[in-house]
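S.K.: Sequence and predicted structure, then a few things I'm wondering about:
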Amino acid sequence: MTVAAPETVDVAIVGGGITGLAAAWAAHKRGLRVKLLEARGTVGGKIRSEHRDGYLFEWGPNSFMGSATAIWQLVEDLKLQDEVLTGMPPGDRYIYRNRLARRLPRGPGDFFKNNEFMTLSGKLRMMAEPFVFGDARETDTLLEFARRRLGPEAAQYLVAPFVSGIYAGDAEQLGARDAFPQLWQWEFEAGSVVMGALLGSKKPKPAGPKRRGLFNFKNGLGTLPFAIAAALPPDSVRTATVVNEVTGQADGTWTLHCHATKDETATSEVRARHVVLAAPPQISAQLLPHDPALAQVRAALADVQLCRVAVVHYGGEDKTHVAPQGFGMLIPPGEGLRTLGILFPSSVFAGRAPEGHYLHSGFLGGARDPDAAQLPDEKLFSLVQRAQEQAFPQTAGSALTQDFNQVIRWHDAIPQYRVGHRARMSDARAALQQAMPGVTLAGNYLDGISINDCAASGLAAVDRLLADSHGATGRRST
Ligand SMILES: Cc1cc2nc3c(=O)[nH]c(=O)nc-3n(C[C@H](O)[C@H](O)[C@H](O)COP(=O)(O)OP(=O)(O)OC[C@H]3O[C@@H](n4cnc5c(N)ncnc54)[C@H](O)[C@@H]3O)c2cc1C
């Protein structure tokens with residue numbers, strides 16, 4: 001048995017995804033000694049990019065937006081500007097409907113001209129949104145909200161697939177206020193989403209460059225986590241280390257009890273005044289002491305639903321230029337296909353496939369069909385192939401060759417912000433702060449799921465800990 005000597009730092013962080021790394025960076029910037037502990041052999045969590053056979057594919061997230069202020073701050077801090085890759089001008093987006101891919105409007109002027117994606121009556125009903133009585137309800141599911149505001153057709157053919165695309169979620173389960181707080185807030189404040197957005201657009205914008213579109217890095221999103229880890233002082237990041245428990249010491253510090261991923265008997269301890277729990281919610285729940293004061297926190301975290309997703313990458317030569325161009329296609333529930341959607345990464349970002357080749361990524365599983373993510377690789381490929389060929393008949397048969405494929409499965413892909421989720425998480429955070437002052441939660445199940453939200457969550461966690469350390473102390477759990 002190997003027992004390493006306890007190590008003392010100012011801030012210890014559990015989890016080396018973008019949340020934990022952003023927290024580590026924030027603490028380091030304030031001159032604090034940091035130790036980040038990550039169970040896997042490498043940092044990045046869901047963010048992981050891989051080069052193979054001339055293709056560059058993403059295991060998890062595939063882009064970030066121009067408005068991603070926390071990510072841009074990290075890009076600036078780490079001097080990664082030259083690594084940033086701007087997506088090609090916004091290409092077409094498609095919705096699958098009645099056995100074909102239907103192009104979405106390219107802009108407001110195209111809304112009435114384009115008759116592919118929606119009926120005239122559906123469009124007129126959408127246009128009536130500002131005149132629908134504003135009745136914001138905290139208990140509205142996203143589907144209820146969308147039907148009420150935009151009408152049944154937009155709810156089914158725009159909102160439900162959009163929700164699959166972002167949350168791999170079920171619009172009948174997600175809370176409108178929880179999953180899309182800005183939309184809900186617009187109705188709450190202005191009585192209408194459209195009016196709220198218009199009023200919001202008149203408010204002064206934060207200073208700084210205006211960036212539009214989608215972004216990545218030349219070598220994939222994995223550039224960012226590696227750059228953060230490399231910029232931290234040596235020994236700040238310990239990978240292949242599982243944290244099992246966090247316990248309190250009489251002097252007000254916290255001890256993280258760890259073991260090596262490959263050897264449970266190789267244990268170690270890290271002591272810190274501040275701890276950021278940036279692991280998935282169920283894991284963070286398990287790390288807390290078995291104190292009755294924490295029972296509600298543990299139960300709330302354990303109850304967060306994380307959906308399974310399979311990502312199916314495939315690519316090949318496109319000799320006859322039949323591969324669809326644009327961003328990708330979403331598939332609404334009830335259209336007879338099991339695939340949630342297909343993205344066209346090689347059409348958005350340069351360098352994703354060899355010259356003259358394409359790279360596409362299908363998504364299956366999610367909250368509505370979790371079993372799909374468990375299907376064998378061949379079955380997943382045939383489901384995505386069928387979806388592509390039905391939606392874009394020009395790709396059927398031997399029109400597109402395939403020389404590359406890769407399936408990635410996540411059992412804990414994306415947290416589902418069900419009705420009441422944010423209130424439950426806010427209560428859990430407050431109860432934890434009371435029982436374990438100096439320990440805080442951060443991650444994609446708290447303040448939004450995008451990598452920008454996660455980075456912001458990690459940065460804010462450190463601010464909160466430092467602010468709290470000057471405030472009152474609560475009851476301590478040991
Ligand atoms: C398929 C997919 C596509 C996505 N697409 C996009 C997109 O295009 N754009 C976007 O903005 N977002 C996207 N997202 C969402 C985004 O990627 C995630 O929400 C975000 O990366 C989560 O970061 P995190 O650090 O909170 O969690 P994670 O990345 O899950 O990191 C948590 C870390 O904790 C570690 N850990 C767990 N237990 C322990 C333990 N006991 N001890 C130590 N370490 C532990 C894990 O190994 C992991 O590395 C996508 C997600 C998926 C799955």
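M.R.: Structure received. Numbers count the residues shown, from 1 in each chain.
S.K.: When you work out contacts or count neighbours from here on, use the C-alpha atoms and nothing else.
M.R.: Noted.
S.K.: any idea of the mean pLDDT in the lengthiest strand in the chain?
M.R.: Taking DSSP state E as the criterion, the chain has its longest strand at strand 263-277. Strand 263-277 carries an average pLDDT of 95.
S.K.: before we move on, what about stretch 141-150?
M.R.: Averaged over stretch 141-150, pLDDT sits at 96.
S.K.: Show me the contact partners of that stretch.
M.R.: The contact list for stretch 141-150 (CA atoms under 8 Å, 6 or more residues apart in numbering) reads 125-129, 132, 152-155, 159-160, 171-177, 179, 192-193, 418-419.
S.K.: Now list the buried members of the residues you listed.
M.R.: The neighbour count (16 or more other CA atoms under 10 Å) marks 125-126, 129, 132, 152-155, 159-160, 171-177, 179, 192-193, 418-419 as buried among these.
S.K.: In helices, which of these appear?
M.R.: Arg125, Met126, Pro152, Glu153, Ala154, Ala160, Ala176, Arg177, Ala179, Val193 (DSSP state H).
S.K.: Reformat the residues you listed as a markdown table; add distance to the ligand.
M.R.: Output for those, formatted as a markdown table (distance: CA to the nearest ligand atom, whole Å):
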| residue | distance to the ligand |
| --- | --- |
| Arg125 | 30 |
| Met126 | 27 |
| Pro152 | 27 |
| Glu153 | 26 |
| Ala154 | 23 |
| Ala160 | 17 |
| Ala176 | 18 |
| Arg177 | 18 |
| Ala179 | 13 |
| Val193 | 23 |
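S.K.: Widest-spaced pair of those residues?
M.R.: Using CA to CA, the pair of these lying farthest apart is Arg125 and Ala179, separated by 23.4 Å.
S.K.: which helices and strands sit right next to the longest strand of the chain?
M.R.: When contacts are defined as 3 or more CA pairs under 8 Å, 6 or more residues apart in numbering; DSSP states H and E, strand 263-277 packs onto strand 2-3, strand 7-14, helix 18-29, strand 254-260, strand 439-441, helix 451-469.
S.K.: Leu343: which of those is closest?
M.R.: helix 451-469 (18.1 Å).
S.K.: Could you pull out the buried residues of the closest one?
M.R.: Residues of helix 451-469 classed as buried: 451-462, 465 (neighbour count, 16+ other CA under 10 Å).
S.K.: Kindly report the same for stretch 293-304.
M.R.: Under the neighbour-count criterion of 16+ other CA under 10 Å, stretch 293-304 has Ala293, Leu294, Ala295, Gln296, Val297, Arg298, Ala300, Leu301, Ala302, Val304 buried.
S.K.: same thing with stretch 16-34?
M.R.: 16-28, 33-34.
S.K.: repeat for stretch 375-395
M.R.: For stretch 375-395, burial by neighbour count (16+ other CA under 10 Å) applies to 377, 380-381, 383-395.
S.K.: Any chance you could list what contacts that stretch?
M.R.: Contact partners of stretch 375-395, identified using CA under 8 Å, 6+ apart, comprise 96, 99-101, 312, 322-324, 337-339, 342, 362, 364, 372, 396, 407.
S.K.: Mind giving me the ChimeraX select for those, buried ones only?
M.R.: Of those, the buried ones go into a single ChimeraX selection, burial set by 16+ other CA under 10 Å:
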select :96,100,101,312,323,324,337,338,339,342,362,364,372,407
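S.K.: which parts of the protein sit against the ligand?
M.R.: 14-20, 37-40, 44-47, 60-64, 241-244, 279-280, 283, 413-414, 443-444, 449-452, 454 (CA under 6 Å from any ligand atom).
S.K.: Please pick the buried ones from these.
M.R.: Using 16+ other CA under 10 Å, the buried ones in those are 14-20, 37-40, 44-47, 60-64, 241-244, 279-280, 283, 413-414, 443-444, 449-452, 454.
S.K.: Okay, and the beta partners of Val14?
M.R.: Leu37, Leu277 (DSSP bridges).
S.K.: Tell me who's in contact with it.
M.R.: Val14 neighbours (CA under 8 Å, 6+ apart): Gly20, Leu36, Leu37, Glu38, Val243, Val275, Val276, Leu277, Ala278, Ala279.
S.K.: Who are the contact partners of the residue nearest to the first one when sequence neighbours are not counted?
M.R.: Spatial nearest neighbour of Gly20, excluding adjacent residues (CA to CA, 6 or more residues apart in numbering): Ala278 at 5.2 Å. Counting by CA under 8 Å, 6+ apart, Ala278 touches Ile13, Val14, Gly15, Gly16, Gly17, Thr19, Gly20, Ser284, Leu441, Ala442, Gly443, Gly458.
S.K.: and the closest residue to the last one other than its chain neighbours, what pLDDT?
M.R.: What sits nearest to Gly458 in space, not counting adjacent residues and going by CA to CA, 6+ apart, is Ala23, at 4.2 Å. Reported pLDDT at Ala23 in the predicted model: 98.
S.K.: go on, the one 5 residues further on?
M.R.: At His28, the predicted lDDT confidence score is 98.
S.K.: which residues touch the residue nearest to it when sequence neighbours are not counted?
M.R.: Nearest non-adjacent residue to His28, counting by CA to CA, 6+ apart: Val34, 6.5 Å away. Counting by CA under 8 Å, 6+ apart, Val34 makes contact with Val9, Asp10, Val11, Ala12, Ile13, Ala24, Ala27, His28, Ser236.
S.K.: Check what pLDDT Val34 gets.
M.R.: For Val34, pLDDT reads 98.
S.K.: What separation do you get for it and Ser284?
M.R.: Using CA to CA, to the nearest Å, we find Val34 at a distance of 19 Å from Ser284.
S.K.: Tell me if I'm right that Pro61 and Ile47 touch.
M.R.: Yes: contact status for Pro61 versus Ile47: in contact at 6.1 Å, counting by CA atoms under 8 Å.
S.K.: got any residues that touch both of those two?
M.R.: Contacts common to Pro61 and Ile47, judged by CA under 8 Å, 6+ apart, are Leu221.
S.K.: any idea how far the spatially closest residue to Gly122 that is not a sequence neighbour is from Pro289?
M.R.: Setting aside the residues directly before and after it, Gly122 is nearest to Glu153 in space (CA to CA, 6+ apart), at 5.6 Å. Distance from Glu153 to Pro289, counting by CA to CA: 49 Å.
S.K.: Please apply the same query to Ala413.
M.R.: Distance from Ala413 to Pro289, counting by CA to CA: 26 Å.
S.K.: Equivalent analysis for Asp369, please.
M.R.: According to CA to CA, Asp369 and Pro289 sit 35 Å apart.
S.K.: Would you mind measuring from Arg40 to Pro6?
M.R.: Per CA to CA, Arg40 is found 21 Å from Pro6.
S.K.: List the contacts of Asn452.
M.R.: Taking CA under 8 Å, 6+ apart, one finds Phe64, Ala68, Thr69, Ala70, Ile71 in contact with Asn452.
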